[in-house]
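Asker: All I have is the shape, not the residue letters:
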């Protein structure tokens, strides 16, 4: 268990994303909002929690076949697009206060997703030189 990850900026951001997504889900579920709102919030909560667990248990190092930061960036960007569309509808239509609150939390989550994607993109370099395992003399 990598407890240092939670103290890092990326770890704190993942935890914040999971908590805001959970609050968004609770707002949508308690207000009996449209199913798409609730489904998006639940999926985002679960996917973010799984990435958090992946990094906490250091499974990204053990399962090295997949470029996990790139998968995480892809998740953040796709989530941001869906959150933009769904939460704008929730805020504009605002059938009740729970839907409005869920939409506002969704827009906050959208900002967290963009920040997470930018931090992850800075962590990896797709076009940069790759390190070599050359023994030191």
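Answerer: Good, I have the coordinates. No experiment lies behind these values; they were computed from the predicted model shown.

Asker: Can you tell me the SS state at residue 95?
Answerer: Using DSSP: H, G, I helix; E, B strand; the rest coil, the structure places residue 95 in coil.

Asker: That one: neighbouring residues, count only.
Answerer: Counted with other Cβ atoms under 10 Å, residues neighbouring residue 95 total 13. Just so you know, the C-beta spots here come from the backbone N, C-alpha and C atoms, and that holds for glycine as well.

Asker: Local confidence estimate at it?
Answerer: Residue 95 is assigned 79 on the pLDDT scale.

Asker: Now do the same contact list for it.
Answerer: Residues near residue 95 by Cβ atoms under 8 Å, 6 or more residues apart in numbering: 31, 33.

Asker: Show me where this protein dips below the pLDDT cut-off.
Answerer: Applying pLDDT under 70 to the chain flags the ranges 1-2, 125-137.

Asker: Map the structural domains onto the sequence of it.
Answerer: According to the TED database, the chain is divided into the following domains: 12-95, 98-126.

Asker: what about the first one, distance to the chain center?
Answerer: Its chain's average C-alpha position is 5 Å from that of domain 12-95, according to Cα atoms, centre = their mean, to the nearest Å.

Asker: Strands of this structure, start to end?
Answerer: Applying DSSP state E to the chain gives no strands.

Asker: Any chance of the domains of the chain in a markdown table with distance to residue 4 as columns?
Answerer: A markdown table is the format used below for the domains of the chain (distance: least, Cβ to Cβ, whole Å):
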| stretch | distance to residue 4 |
| --- | --- |
| domain 12-95 | 10 |
| domain 98-126 | 16 |
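
Asker: Nearest to residue 3, out of these?
Answerer: Each of the domains of the chain was scored for nearness to residue 3 using Cβ to Cβ, and the closest is domain 12-95 (7.9 Å).

Asker: Could you tell me the end-to-end distance of the closest one?
Answerer: 33 Å (Cα to Cα, to the nearest Å).

Asker: list the contacts for residue 120?
Answerer: Counted by Cβ under 8 Å, 6+ apart, residue 120 has contacts 10, 69, 72, 73, 76.

Asker: between these, which is closest to residue 17?
Answerer: So of the contacts of residue 120, ranked by how close each gets to residue 17 (Cβ to Cβ), first place is residue 76, at 8.6 Å.
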